[in-house]
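Novice: quick one: sequence plus predicted model below, questions after.
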Amino acid sequence: MNWRRFWAVFICRNREFLRDRSTLTWNLLFPVSLIAGFAFAFSGSGLDLYKVGVLGNTSHWQGSAFFSTRYIHFIPVTNLSIALSKVERHQLDMLIDPTGQRYWINDEAPKGYVLEQMLRGVDATTTPVFSKQTVSGRGIRYVDWVMPGVLAMNMMFGCLFGVGYVIVRYRKNGMLKRLKATPLTPLEFLAAQVTSRLWLTLATTIVVFTGTNQFIVFPMHGSYLDLFVVFAAGAISLISLGLIVAARTTSEELAAGLLNLLSWPMTFLSGVWFSLEGVHPFLQQCAQLVPLTHIIDAARAIMMDGAGLGDISGHLLALMVMSLGFMAAGAWLFRWE
């Protein structure tokens, strides 16, 4: 690789992006407006939906009056520690262990108090008395939960369209044909495109996160460096996926359609807006096949649970494998014309 040619293409692509004021503004204002909108829309008390985690087998409690109460969503759980952390963060209003005849609530959660009164009232004569266990913790806001997803989604659109669509535009207007006549190799060209988009994506993500955090203080229980590593690994994976679309496509319209076909299913499968805990198991398995899922899950684990790189090593490994596979496929398929 000739580093002078690589650097020349790298600088050229950066200048092109920075001179496009509309694209730069969109990459900055779009996620900020989404985060601010969610912070305002969900700043109230939220929906009156009770969520009760049920630990273990509940088949012999089906006749219980409490478990037959309407407007309560009973969620089966298997891991006690994870379920307790959700009670601490007010993601579960109550956790019940029917076998051990115990229940947990957060004393600072109003819904937990209401459910406790319901449990003691409706089941006073039909079930044994449960023993009370309490936990405490700051409730997590919806904007806190959705913010990593919004940042990752903005990264996804920037990476896919910033590489896939741009290279197709180069091919259509004849720029790639002219570059083919120069000493520039495909490796140097693609490496410059990937590197340019990587630092631009990370820079805009840092600006958006820092700016919104000044007004909406997000919980951060982990390391900012670990979060940066996750976003960097995720950006490389998404950029590599964009290379596959750009490798042979000659039409901007086709490129836009293919990129939308990739991005929107990923948005809904990755849990940007809502948790996938209650969806069909097949969809949960499909979600593990897209890089956006691993980016969001790892980022949320760092920010909300204080996870380290060792705790999210599975997500990082998945992103690395996807990056290598996508990049190899994109480089193999790439043609100048």
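Specialist: Alright, I've got the coordinates.
Novice: tell me the contacts of Ser237?
Specialist: Neighbouring residues of Ser237 by Cβ atoms under 8 Å, 6 or more residues apart in numbering: Pro291, Ile295, Leu319, Met322, Ser323, Phe326. In short, each C-beta sits where N, CA and C put it, glycine included.
Novice: residue nearest the middle of the chain, spatially speaking?
Specialist: Ile296 (2.4 Å; Cα atoms, centre = their mean).
Novice: thinking it is in contact with Gly271, fair?
Specialist: Yes: counting by Cβ atoms under 8 Å, Ile296 does reach Gly271; the two are 6.0 Å apart.
Novice: what touches both of these two?
Specialist: Joint contacts of Ile296 and Gly271 (Cβ under 8 Å, 6+ apart) are Gly149.
Novice: what's the helix or strand for the closest residue to Ala331 other than its chain neighbours?
Specialist: Nearest residue to Ala331, sequence neighbours excluded (Cβ to Cβ, 6 or more residues apart in numbering): Leu190, at 6.3 Å. In this assignment (DSSP states H and E), Leu190 forms part of helix 186-215.
Novice: next SSE downstream of that helix?
Specialist: Next element after helix 186-215 (DSSP H and E): helix 224-246.
Novice: helix or strand right after that next one?
Specialist: helix 252-269.
Novice: just the angle for that following helix relative to helix 224-246, thanks.
Specialist: If you take axes from the mean of the first three to the mean of the last three Cα atoms, to 10 degrees, helix 252-269 sits at 140 degrees to helix 224-246.
Novice: give me the contact list for helix 252-269.
Specialist: 153, 156-157, 160-161, 164-165, 168-169, 172, 241-242, 245-246, 249, 273, 276, 283, 286-287, 290-293.
Novice: buried subset of those residues?
Specialist: With burial judged by 16 or more other Cβ atoms under 10 Å, the buried subset of the contacts of helix 252-269 is 153, 156-157, 160-161, 164-165, 168, 241-242, 245-246, 249, 276, 287, 290-293.
Novice: so Gln133, which of the three states?
Specialist: Under DSSP: H, G, I helix; E, B strand; the rest coil, Gln133 falls in the strand class.
Novice: wait, doesn't it sit right on Gln101?
Specialist: No: with contacts counted by Cβ under 8 Å, Gln133 stays clear of Gln101, the gap being 11.2 Å.
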